[in-house]
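Enquirer: have a look at this fold, sequence not included:
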C-alpha cells in the first residue's frame with residue numbers, strides 16, 4: 001500500500017479539495033505510476049463543476065468524484081506479469097488528478113512512453129491532443145484548404161496547429177478573448193477575429209474572397225456558436241464539432257444545411273481504441289503522434305502553459321476557470 005493524494009470534485013456546490021488515500025500494490029498486469037504532473041481538461045472538468053456528473057458522463061448519483069484524464073510521471077512499481085514496462089520508465093496515462101495511479105495493461109490501455117526532450121508538463125497534453133488530431137483527421141484537410149476555428153482554448157490551439165501541419169490556408173482563429181487570440185498567432189493562425197468587436201461572418205467572408213471557410217471547427221464551450229459556424233462555412237463545406245459544449249443549439253436548417261449542402265460532423269472517438277482496416281487512426285496512434293511532434297518541436301505547447309502549480313493550489317485555480325477565460329490557458333498540477 002502507498003500513501004497518496006488526489007483531487008476530489010463536488011458538483012453541488014461546485015468545489016475541489018485535496019484528500020489523502022491509499023494505493024494498493026499493482027496486480028499481475030498493472031503498473032503503478034508516480035505522477036509528476038496532471039493536466040487540466042478545462043472544458044470537461046468545468047462541465048462537471050457547473051452542470052453535474054451527467055455532463056462528464058457519470059451517473060447523477062455520483063456528485064463527488066476523482067476526475068481528470070491526463071497525467072505524466074514515472075513507473076514506480078510493476079506487477080509480476082509485466083514485461084513491456086520497467087520501473088523508472090517515463091509515461092503518460094489517462095488517469096485522474098492524483099499523485100499515484102494504477103494502470104491496467106489491457107490491449108487498449110491509455111499509456112505511452114514519453115520521448116526524450118518532452119517535459120512532463122507538456123507530455124500529458126498529448127492525451128487532449130488526441131481529441132484535436134482526431135477532429136483534423138475527420139475533416140480530411142487538404143493543402144490550402146480554408147479553415148476557421150471557433151474557441152482558442154487548448155483544444156482549439158492544438159486543432160489550429162494540426163491544421164497548420166496539414167497545410168491548411170488561411171487558418172482563421174475566432175475568440176472573445178484577445179489574449180487567447182495573441183496565443184493563436186503564436187500557434188500559427190494566419191488571421192484572427194475578435195468576436196467581441198467584429199462581425200465574424202463578414203470578416204470570414206472577406207478573408208476567404210467571399211466564399212466562406214471550407215472547414216469550420218467548433219472548439220468552444222458555447223453550443224449557440226453552431227449557427228455562426230454554419231454561416232461561416234462555404235457551400236458544401238464541413239463543420240466539425242470538436243469541443244464538448246453543454247446544452248442545445250438552434251440552427252436554420254433550410255438556409256444553411258440544406259441550401260449550402262453542408263456536412264455537420266461530430267467527433268467523440270467512441271470505439272476507436274482498436275484499429276480497423278477503414279480507420280487505422282486509433283487513439284494510441286494519435287497520442288504517439290502528438291508526443292513525436294512535441295519532441296520535434298512541430299507541436300508547440302510551452303507558450304500555452306500559464307499555470308504550472310502545486311496540486312494544493314487547485315481549488316483557487318478552478319475558481320478562476322469558473323469565472324471565465326481570462327488569465328489562464330494550459331493548467332498543470334505538480335505532485
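Expert: Yes, it's here. These numbers were taken from a predicted model, which means no experiment stands behind them. Numbers count the residues shown, from 1 in each chain.
Enquirer: hey, where'd the helices end up in this protein?
Expert: Under the criterion DSSP state H, helices of the chain are mapped to 42-51, 120-123, 126-139, 154-165, 178-187, 200-207, 225-232, 283-296, 314-323.
Enquirer: got a list of what residue 335 touches?
Expert: The contact partners of residue 335, taken as CB atoms under 8 Å, 6 or more residues apart in numbering, are 5, 34-38, 73, 98-99, 310-311. In short, each C-beta sits where N, CA and C put it, glycine included.
Enquirer: pLDDT added to the residues you listed, as a markdown table?
Expert: As requested, the contacts of residue 335 are arranged in a markdown table below (pLDDT from 0 to 100):
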| residue | pLDDT |
| --- | --- |
| 5 | 98 |
| 34 | 98 |
| 35 | 98 |
| 36 | 98 |
| 37 | 98 |
| 38 | 98 |
| 73 | 98 |
| 98 | 98 |
| 99 | 98 |
| 310 | 98 |
| 311 | 98 |
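Enquirer: if we can go back for a sec, wait, which of the helices of the chain is closest to residue 79?
Expert: Among the helices of the chain, helix 283-296 comes nearest to residue 79, with 20.4 Å by CB to CB.
Enquirer: so which residues make contact with that closest one?
Expert: 92, 108, 110, 112, 114-118, 122-123, 125-127, 129-130, 133-134, 137, 165, 269, 272-273, 275, 299, 301.
Enquirer: so for it, mean pLDDT?
Expert: For helix 283-296, the mean per-residue pLDDT is 97.
Enquirer: now that helix: how far from the chain's centre is it?
Expert: Centroid separation for helix 283-296 versus its chain: 14 Å, with CA atoms, centre = their mean, to the nearest Å.
Enquirer: what does stretch 94-106 give?
Expert: 18 Å.
Enquirer: and that stretch, end to end?
Expert: 13 Å (CA to CA, to the nearest Å).
Enquirer: buried sites along that stretch?
Expert: 94-103, 105 (16 or more other CB atoms under 10 Å).
Enquirer: stretch 268-276 now?
Expert: So, applying 16+ other CB under 10 Å, buried residues of stretch 268-276: residue 272.
Enquirer: and it, how far apart are its ends?
Expert: First-to-last distance for stretch 268-276 - CA to CA - comes to 17 Å.
Enquirer: now residue 131: closest residue in space that isn't a chain neighbour?
Expert: Leaving aside its sequence neighbours, residue 131 sits nearest to residue 155 (CB to CB, 6 or more residues apart in numbering; 6.0 Å).
Enquirer: please report how far the one you found lies from residue 279.
Expert: Separation of residue 155 from residue 279 (CB to CB, to the nearest Å): 21 Å.
Enquirer: between these two, tell me which one has more neighbours.
Expert: Counted by other CB atoms under 10 Å, residue 155 and residue 279 do not tie: residue 155 has more neighbours, with 26 against 11.
Enquirer: list the contacts for the more buried one?
Expert: With CB under 8 Å, 6+ apart, residue 155 has these contacts: 43, 128, 131-132, 219, 242-243.
Enquirer: of the residues you listed, closest to residue 264?
Expert: residue 242 (12.1 Å).
Enquirer: residue contacts, that closest one?
Expert: By CB under 8 Å, 6+ apart, residue 242 lies in contact with 131-132, 135, 155-156, 159, 217-219, 267.
Enquirer: nearest the middle, which residue of the protein would you pick?
Expert: Centre of the chain computed as the mean C-alpha position; nearest residue by CA atoms, centre = their mean is residue 128, 3.4 Å away.
Enquirer: would you mark the buried spots in stretch 138-150?
Expert: So stretch 138-150, judged by 16+ other CB under 10 Å, has buried residues 138-139, 141, 145-150.
Enquirer: avg pLDDT for that stretch?
Expert: Averaged over stretch 138-150, pLDDT sits at 98.
Enquirer: who's in contact with that stretch?
Expert: So stretch 138-150 is in contact with 156, 159-160, 163, 166-175, 184, 189, 204, 208, 211-220, 225, 228-229, 232, 234, 238, 240, 265, 267, going by CB under 8 Å, 6+ apart.
Enquirer: about what we covered before: out of the contacts of residue 335, who's nearest residue 257?
Expert: Nearest member of these to residue 257, counting by CB to CB, is residue 38, at 39.9 Å.
Enquirer: contacting residues for that closest one?
Expert: Counted by CB under 8 Å, 6+ apart, residue 38 has contacts 68, 70-72, 95-98, 124, 311, 332-333, 335.
Enquirer: looking at this protein, which residue reaches furthest from the middle?
Expert: Distance to centre of the chain, CA atoms, centre = their mean, peaks at residue 80 (34.0 Å).
Enquirer: from residue 66, how far out is that one?
Expert: Going from residue 80 to residue 66 by CB to CB gives 27 Å.
Enquirer: one step back: okay, the contacts of residue 335 in CSV with distance to residue 286 next?
Expert: As requested, the contacts of residue 335 are exported to CSV (distance: CB to CB, whole Å):
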residue, distance to residue 286
5, 30
34, 25
35, 21
36, 22
37, 20
38, 20
73, 21
98, 24
99, 27
310, 30
311, 27
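Enquirer: all set now, cheers.
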